[in-house]
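Undergrad: okay, sequence plus prediction incoming.
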Amino acid sequence: MARCCFSPGRCAKREKRRGKAKSNAKSVFRECGFSRQLHYLHMPDHFFFYGTLIPHFAPPHLREILAQFHLVGEGWLLGILYDLGNYPGAVFDPTSRTKVLGRVFQVPTNERLLAELDHYEGFNPASSGTSQYLRKRFPITLQDGRQIECWVYEYNGSTAGRPLIAAGRYIPCG
């Protein structure tokens, strides 16, 4: 039987039909590969930040929100980091020879926090084609070698002509 592409179990729509819907589902939408519809998923519990969402690089209006996150540690994901001007954009690729370096944070369960982050990153769950970034799940490798599944914002625009950040670590100018 087909499984939802964004969770280890069956999608919320199918579980509801079977009377197994989770009552604590949050307003986090994802498209299910089985039914090609958006479904509620549980609030993420870990994020990987590689740019302006790292708290000391964040704009003032996000610092209070990000202060609620708990640092798990440094980590990396295979891909390419681009300089987009005032912020970076990463494109992840498991065949890449370069790493995007960042930090893993544990996130409190709060729908408002996720909505704020999605808005800041230009991610609209109902319209991923027009979103500047897409929120996706990837396994992040921590410094000690362990892997942890995290939500990550991946750049969804053109990278043509954009300079690379060869070291893989974003450091803002100024």
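TA: Received it, and whenever you're ready, just let me know what you need. Note that this is a predicted model, so its numbers are computed, not measured. Numbering: from 1, shown residues only.
Undergrad: against which helices or strands is the longest strand along the chain packed?
TA: Determined from DSSP state E, the single longest strand within the chain is strand 70-83. On a contact count with 3 or more Cβ pairs under 8 Å, 6 or more residues apart in numbering; DSSP states H and E, strand 70-83 meets strand 46-49, strand 88-92, strand 99-106, strand 133-142, strand 147-155. (Each C-beta comes from the backbone N, C-alpha and C, glycine too.)
Undergrad: which neighbouring elements make contact with the second one?
TA: By that I understand strand 88-92. Judged by 3+ Cβ pairs under 8 Å, 6+ apart, strand 88-92 is in contact with strand 70-83, strand 133-142, strand 147-155.
Undergrad: in CSV: the ones you listed, plus distance to residue 59.
TA: Shown next, in CSV, are those (distance: least, Cβ to Cβ, whole Å):
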stretch, distance to residue 59
strand 70-83, 18
strand 133-142, 15
strand 147-155, 15
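Undergrad: could you dump those into TSV with mean neighbour count, distance to residue 161 and mean pLDDT added?
TA: Listed next are those as TSV, based on neighbours: other Cβ atoms under 10 Å; distance: least, Cβ to Cβ, whole Å; pLDDT from 0 to 100:
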stretch	mean neighbour count	distance to residue 161	mean pLDDT
strand 70-83	18	10	97
strand 133-142	18	19	96
strand 147-155	20	14	96
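Undergrad: distance check, the residue lying closest to residue 108 once chain neighbours are set aside against residue 80.
TA: Nearest residue to residue 108 in three dimensions, chain neighbours excluded: residue 68, at 5.3 Å (Cβ to Cβ, 6 or more residues apart in numbering). The gap separating residue 68 from residue 80 is 30 Å, by Cβ to Cβ, to the nearest Å.
Undergrad: now residue 94
TA: Residue 94 is 12 Å from residue 80, by Cβ to Cβ.
Undergrad: now do residue 97
TA: 10 Å.
Undergrad: again, but for residue 158
TA: 13 Å.
Undergrad: hmm, residue 155 is touching residue 133, no?
TA: Yes - with contact defined as Cβ atoms under 8 Å, residue 155 reaches residue 133; the gap is 5.9 Å.
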